[in-house]
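Trainee: sequence first, then the predicted structure, then my questions.
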Amino acid sequence: MFAGLGLSVPVVAAPMAGGPTTPRLVAAAAAAGGIGLVPAGYQTAEAFGRRLAEVRAPFGVNLFAPNPVPIDDASYHRYARELQGEADDYGIDLGGIARTEDDDHWRDKIDLLLADPVPAATFTFGIPDAAVLKALRAAGTLTGQSVTSAAEARQATDAGVDFLCVQGIAAGGHSATLTPDRLPADVPLAGLVREIARVTDLPLIAAGGIATADAVVEVLEAGAAAAMVGTVLLRSDESGVSETHRTALADPARDRTVLTHAFTGRPARGLANAFTDRYDEVAPLGYPALHHLTSPLRKAAAAAGDSDRLHLWAGTGYRHATAEPAAAILRRLTAKL
């Protein structure tokens, strides 16, 4: 199934949107015999196109498919008031940020991929309609859907995708769940792969907390065709993660991860910090509105070295993230294959 993507080892570098997955990281994954996925999230179609033009290796892409979590004005502005004290330190007026419910330039990005096809396109948050999948396939692009349960796997299979990215609850960053108001079941990744393999014949890529060679072997033995890794690459030389985030990953005081919707209004796993401790219980659901609300604060915190007001996305295997070339990390992950 993945032969056309040029994989000689069954490892995929995850599409970590917002900066961590760079063209250099994608190229490093390809040089190691795997493949990297270029994230389209949080940028215009034009910026995404420029990013694709920088990649000089076999690659795929990942898009956020529309599946919004609406929030009403009253809840949005209440939360903005709750957070204003955090923003005051940076001179940011959260009350002046209008509620934004966009679709991350979805149609423009699909049009870009139809005009200039790529080998593979994967989707997170929502399942594209059948016409989009059919058009991409006609353009020569394999399509993959991120799923977090057997029920979602059945939906994606029925929609007509070519493969599935099975995301376990240990994954860093946003959960791919199609129902963000209900967290996925806490099932070990290998068990989730086996469960999903019983309801679909599609090839599976396993993701979520994979940070060792043993973990790679485990998901492959469970029936996955490949393993996807992200957090373990965050401190690599090729990662574009902020220095504040990079330092926090190596901080022994950061001793746990949590699933939180306090930063973006959609559940995501990251290192616990003062922000998650203070606001997770009072934060409403509301994506992408809360993502846009907190974005200026998070950018300011990253620039200032303030790791307690920054989303420190990380999966449960973050202790295995090391500061070295990505090729060395990927070789270690595939050493037992």
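Mentor: Everything's here; your move. Numbering: from 1, shown residues only.
Trainee: pLDDT (mean, whole number) over stretch 71-87?
Mentor: What stretch 71-87 shows for mean pLDDT is 98.
Trainee: residue ranges with poor pLDDT in this structure?
Mentor: Per-residue confidence for the chain (pLDDT under 70) gives these ranges: 1-4, 6.
Trainee: strands of that one, residue ranges please.
Mentor: Taking DSSP state E, the strands of the chain run over residues 11-13, 35-39, 59-64, 120-124, 142-147, 163-167, 173-174, 204-207, 226-229, 257-260, 268-271.
Trainee: tell me how far the most centrally placed residue in the chain lies from residue 147.
Mentor: The centroid of the chain falls nearest to residue 16 when counting by Cα atoms, centre = their mean (4.7 Å). Relative to residue 147, residue 16 is positioned 18 Å away (Cβ to Cβ, to the nearest Å). C-beta coordinates here come from the backbone N, C-alpha and C atoms, glycine included.
Trainee: so how far is stretch 323-335 from its chain's centroid?
Mentor: 20 Å (Cα atoms, centre = their mean, to the nearest Å).
Trainee: for stretch 235-253, same thing?
Mentor: 17 Å.
Trainee: CA atoms of it as PDB?
Mentor: The C-alpha coordinates for stretch 235-253 follow below in PDB (Å, rounded to 0.1, in the frame of the first residue of the first chain):
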ATOM      1  CA  ARG A 235      14.000  18.300  20.400                       C
ATOM      2  CA  SER A 236      15.700  17.100  17.200                       C
ATOM      3  CA  ASP A 237      18.000  19.400  15.300                       C
ATOM      4  CA  GLU A 238      15.500  19.800  12.600                       C
ATOM      5  CA  SER A 239      12.500  20.600  14.800                       C
ATOM      6  CA  GLY A 240      11.000  24.100  14.600                       C
ATOM      7  CA  VAL A 241       9.600  24.000  18.100                       C
ATOM      8  CA  SER A 242      10.200  27.100  20.200                       C
ATOM      9  CA  GLU A 243      13.200  27.200  22.500                       C
ATOM     10  CA  THR A 244      10.800  27.700  25.400                       C
ATOM     11  CA  HIS A 245       8.900  24.500  24.500                       C
ATOM     12  CA  ARG A 246      12.200  22.600  23.800                       C
ATOM     13  CA  THR A 247      13.600  23.500  27.200                       C
ATOM     14  CA  ALA A 248      10.400  22.500  29.000                       C
ATOM     15  CA  LEU A 249      10.500  19.000  27.400                       C
ATOM     16  CA  ALA A 250      13.900  18.500  29.100                       C
ATOM     17  CA  ASP A 251      12.900  20.100  32.500                       C
ATOM     18  CA  PRO A 252      12.800  17.400  35.200                       C
ATOM     19  CA  ALA A 253      10.200  19.500  37.000                       C
END
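Trainee: tell me the buried residues in that stretch?
Mentor: Neighbour-count burial for stretch 235-253 flags 235, 236, 238, 239, 240, 241, 242, 244, 245, 246, 248, 249 (criterion: 16 or more other Cβ atoms under 10 Å).
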